[in-house]
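Peer 1: Any chance you could fold what I've pasted below:
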Amino acid sequence: MPLDAICLTAVKLELEERIVGQKIDKVQQPERDIVVLSLRGGDRPPCKLLISAGSGDMRAHLTEHRFDNPDSPPMFCMLLRKHLTGARITGIRQPPAERILEITLDAPDAMGVLCVKRLILELIGRLSNIILADGDGLIVDCLRRVGGDLTDKRAILPGLLYRPPTAQQGKLDPLKVTPCEWRELFDTTRSLTCDRWLLDHFRALSPLICRELSWRAYGEVDIRADAVRDGGEALGREFFALMGAAASENYEAWVMMAGGCAPRDFSYTRIMQYEGAADAIQAESFSEMLDDFYTRAQQLKRIRQRASATGKTVKTARGRIARKLAAQQAELVITADRDYLRECGDIITANLHLMKKGQHILAAQDFYAGDGTAGDGTVREIALDPRSTPQQNAAKYYKDYNKAKNAEKSLTEQIRLGESELEYLDSVIEEIALAENERDIIEIRRELVETGYIREDRKGQVKGQVKGKGKGKGKQAVSAPMMFKSSTGLQILTGRSNTQNDKLTLKTALKSDVWLHTQKIHGSHVIISCGGNPPDEQSLLEAAAIAAYYSAARSGGKVPVDYTQVKYVKKPAGARPGMVIYTNHKTLIASPDEVLVSRLRIDK
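Peer 2: This is a model prediction of the structure:
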């Protein structure tokens with residue numbers, strides 16, 4: 001991704017204005033590679049600084065997203081809390097043309113005396129790291145410990161003196177190169193494409209920027225340097241224009257959206273090489289741009305990864321029930337012909353005097369054919385068991401008839417239960433698809449344990465669950481329903497899972513509150529807390545949009561949403577979690593509106 005050193009400089013300048021002078025109030029490590037610092041104090045509003053040392057998403061920026069803490073904080077998180085809680089940020093430094101940020105802090109020691117600490121962020125691909133050092137440069141600890149053997153790797157271990165990574169050999173700082181150096185360099189090496197030539201000779205430039213400079217100069221992103229006829233003058237002109245803007249701190253946050261919705265690239269200058277294939281949209285700040293580009297997408301990706309095992313379990317169970325249901329329905333079709341068995345028994349009984357033991361087939365008049373008269377002449381051939389007497393053959397057909405008759409009742413009930421179970425599992429699959437965080441997934445797994453789809457081991461640990469997340473580690477923190485506030489001020493609550501839907505509708509909500517649900521579509525229960533008064537039309541429409549958004553119809557168009565008072569919602573005896581029946585309802589049409597849902601939500 002194009003977070004090069006120049007783009008990081010733009011981020012650093014923006015962070016200086018927001019976080020210098022603030023104190024660290026809270027330290028979180030929601031993921032292995034992510035640290036979030038909650039800041040407050042000074043004359044600036046509170047904010048959260050996100051630092052990621054992931055190999056594919058290394059970055060540092062302010063974030064508006066909420067992160068759930070793991071049940072047991074990692075050791076590095078506890079160390080940062082010990083050393084940095086209450087520390088005041090005094091400055092941010094970036095080595096020239098390097099993807100490294102150094103945050104200096106005044107932190108109180110164990111005796112309350114202020115001392116200097118350095119939080120060093122090395123955002124350099126797969127070698128990215130977060131390092132805490134003291135004022136003398138001695139490493140206190142780091143996210144990833146490196147070295148300790150006899151290799152030539154740069155050792156990063158507690159107690160060692162911090163040494164910055166070696167600058168890329170043979171590459172120049174693009175902000176310091178002169179036009180003469182440029183012409184000399186371009187004339188000596190011209191066997192590559194222009195973008196590759198830039199990437200090989202200058203550090204701090206991303207492949208995206210190198211392609212953009214080539215496109216701006218010659219209208220192509222892959223033109224060879226030895227094919228240009230101006231000796232590289234157009235490329236040099238665009239290069240020095242961009243570097244001049246960077247030197248004067250003239251940065252702009254631009255993000256390229258593919259198809260109008262999916263972020264594709266971002267940069268500190270407007271990217272035009274995609275032409276009509278992507279739309280360039282300017283963000284209000286670099287933090288907002290990076291937060292939208294990385295954090296939201298990464299959160300969804302991590303949730304989907306963690307939900308995959310749960311989803312696989314549910315889909316396996318659903319497939320097994322679907323196959324069983326198909327077999328039962330096939331058996332039910334066969335039972336529809338049970339009268340034929342009884343008729344065969346009657347015909348055998350009527351012809352016992354003509355039959356002998358050892359007979360394989362009875363060909364006798366079928367008095368059930370046509371109008372049933374004796375003169376019809378229709379003959380029915382009935383298979384017999386030659387080892388049985390005629391009376392035993394007749395008894396066998398009567399027995400099969402009674403068995404099919406009883407099977408119809410049993411199969412009808414089993415099919416009803418199977419269809420109900422299939423509907424429940426479909427609702428769980430939708431829950432997994434709509435899960436917003438890890439806690440939602442844990443709650444869904446807990447629901448599956450209660451319904452018998454996931455087993456627990458002898459220690460009370462959910463099978464397949466991450467160690468330390470099960471019941472054996474103490475009481476689980478139960479997530480609260482999602483909370484919204486309508487434009488007119490009414491509170492709207494939305495369940496996150498089937499069990500939470502039951503609790504919200506049947507226990508939490510007042511009988512006079514208004515209940516909403518998508519019509520015949522799996523989705524969350526939505527409650528408008530209206531204090532016994534009818535909700536206004538605006539709140540009702542907004543709650544319906546929320547119900548449509550948190551349903552299986554999220555990606556569709558207009559959705560019918562039923563609403564009624566909570567007192568008219570009942571749960572049938574023995575019904576699965578989330579399954580209810582309701583009466584006295586009305587229906588309105590709503591559209592799943594993500595922008596509206598995000599604006600009304602108050603528990604972000």
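Peer 1: The stretch 51-200 of the chain: strands as residue ranges?
Peer 2: Using DSSP state E, counting those that start in this stretch, the strands found in the stretch 51-200 of the chain span residues 59-62, 88-93, 100-108, 114-122, 129-134, 139-142.
Peer 1: what's the answer for the stretch 201-350 of the chain, then?
Peer 2: According to DSSP E, counting those that start in this stretch, the strands that the stretch 201-350 of the chain contains are 254-258, 262-267, 278-282.
Peer 1: could you give the angle of the last one to strand 254-258?
Peer 2: Computed with axes from the mean of the first three to the mean of the last three CA atoms, to 10 degrees, the direction of strand 278-282 lies at 150 degrees from that of strand 254-258.
Peer 1: Would you mark the buried spots in strand 278-282?
Peer 2: Neighbour counts using 16 or more other CB atoms under 10 Å place Ala278 of strand 278-282 among the buried residues. Every C-beta, even on glycine, is put in place using the N, C-alpha and C of the backbone.
Peer 1: same question, the second one
Peer 2: Judged by neighbour count (16+ other CB under 10 Å), strand 262-267 contains these buried residues: 263-267.
Peer 1: ok, which stretches of the chain are helices?
Peer 2: For the chain, the helices defined by DSSP state H occupy 5-19, 75-84, 179-188, 194-201, 207-218, 233-247, 286-290, 296-335, 338-350, 390-434, 438-450, 498-503, 537-549, 594-600.
Peer 1: between the ones you listed, which gets nearest to Ile382?
Peer 2: helix 338-350 (5.0 Å; CB to CB).
Peer 1: other SSEs contacting that closest one?
Peer 2: Helices and strands touching helix 338-350, by 3 or more CB pairs under 8 Å, 6 or more residues apart in numbering; DSSP states H and E, are strand 361-365, strand 379-383, helix 390-434.
Peer 1: and if we set it to 6 Å?
Peer 2: helix 390-434 (3 or more CB pairs under 6 Å, 6 or more residues apart in numbering; DSSP states H and E).
Peer 1: average pLDDT for the helix it packs on?
Peer 2: For helix 390-434, mean pLDDT rounds to 86.
Peer 1: relative orientation of that helix and strand 361-365 in degrees?
Peer 2: Using the same axes, to 10 degrees: helix 390-434 against strand 361-365 is 100 degrees.
Peer 1: Could you tell me the per-residue confidence at the residue lying farthest from the centre of the chain?
Peer 2: Within the chain, His353 marks the point farthest from the mean C-alpha position, 75.6 Å out by CA atoms, centre = their mean. pLDDT for His353: 86.
Peer 1: What of Gly147?
Peer 2: With respect to pLDDT, Gly147 has a value of 81.
Peer 1: That one: what's it in contact with?
Peer 2: 153, 155, 157 (CB atoms under 6 Å, 6 or more residues apart in numbering).
Peer 1: just Phe484 next, same as before
Peer 2: Contact analysis of Phe484 by CB under 6 Å, 6+ apart lists 492, 600-601.
Peer 1: What residues are bridge-paired with it?
Peer 2: In this structure, Phe484 bridges to Ile492, Arg601 when assessed by DSSP bridges.
Peer 1: Mark out where each domain of the protein begins and ends.
Peer 2: What automatic domain parsing lists as the domains of the chain is 5-142, 336-415, 482-600.
Peer 1: Is it possible to get CSV of those domains that adds distance to Tyr294?
Peer 2: Formatted as CSV, those follow (distance: least, CB to CB, whole Å):
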stretch, distance to Tyr294
domain 5-142, 5
domain 336-415, 48
domain 482-600, 18
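Peer 1: With respect to Asn250, which of those domains lies nearest?
Peer 2: Between these, domain 5-142 lies closest to Asn250; by CB to CB that is 9.6 Å.
Peer 1: how near is the nearest residue to Leu84 once chain neighbours are set aside to Ile444?
Peer 2: Residue nearest to Leu84 in three dimensions, not counting chain neighbours: Ile24, with 5.0 Å by CB to CB, 6 or more residues apart in numbering. With distances taken as CB to CB, to the nearest Å, Ile24 is found 34 Å from Ile444.
Peer 1: quick one on the thing from earlier: output the helices of the chain as TSV; include the columns distance to Leu37 and mean neighbour count.
Peer 2: Shown next, in TSV, are those (distance: least, CB to CB, whole Å; neighbours: other CB atoms under 10 Å):
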stretch	distance to Leu37	mean neighbour count
helix 5-19	8	20
helix 75-84	7	18
helix 179-188	41	13
helix 194-201	33	20
helix 207-218	29	22
helix 233-247	27	17
helix 286-290	13	23
helix 296-335	18	15
helix 338-350	73	18
helix 390-434	30	17
helix 438-450	20	21
helix 498-503	31	23
helix 537-549	32	23
helix 594-600	24	14
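Peer 1: hmm, who's touching stretch 211-220?
Peer 2: Contacting residues not belonging to stretch 211-220 are listed as 194-195, 221, 234-235, 238-239, 271, 273 [CB under 6 Å, 6+ apart].
Peer 1: Quick check: of the residues you listed, which lies closest to Leu127?
Peer 2: Nearest to Leu127 out of the contacts of stretch 211-220 is Asp195 (CB to CB; 24.1 Å).
Peer 1: How about the contacts made by Leu101?
Peer 2: 60, 94, 121.
Peer 1: From those, list just the buried residues.
Peer 2: The neighbour count (16+ other CB under 10 Å) marks 60, 94, 121 as buried among the contacts of Leu101.
Peer 1: CA atoms only for stretch 303-315 - export them in CSV, please.
Peer 2: This file holds the C-alpha atoms of stretch 303-315, laid out as CSV (Å, rounded to 0.1, in the frame of the first residue of the first chain):
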residue,chain,number,x,y,z
ILE,A,303,-14.1,-10.6,12.0
ARG,A,304,-14.7,-12.6,8.8
GLN,A,305,-11.6,-14.7,9.5
ARG,A,306,-12.6,-15.4,13.1
ALA,A,307,-16.2,-16.1,12.0
SER,A,308,-15.1,-18.6,9.4
ALA,A,309,-14.8,-21.5,11.8
THR,A,310,-18.2,-20.7,13.4
GLY,A,311,-19.8,-20.3,9.9
LYS,A,312,-18.3,-23.6,8.8
THR,A,313,-19.9,-25.4,11.8
VAL,A,314,-23.3,-23.8,11.1
LYS,A,315,-23.2,-24.5,7.4
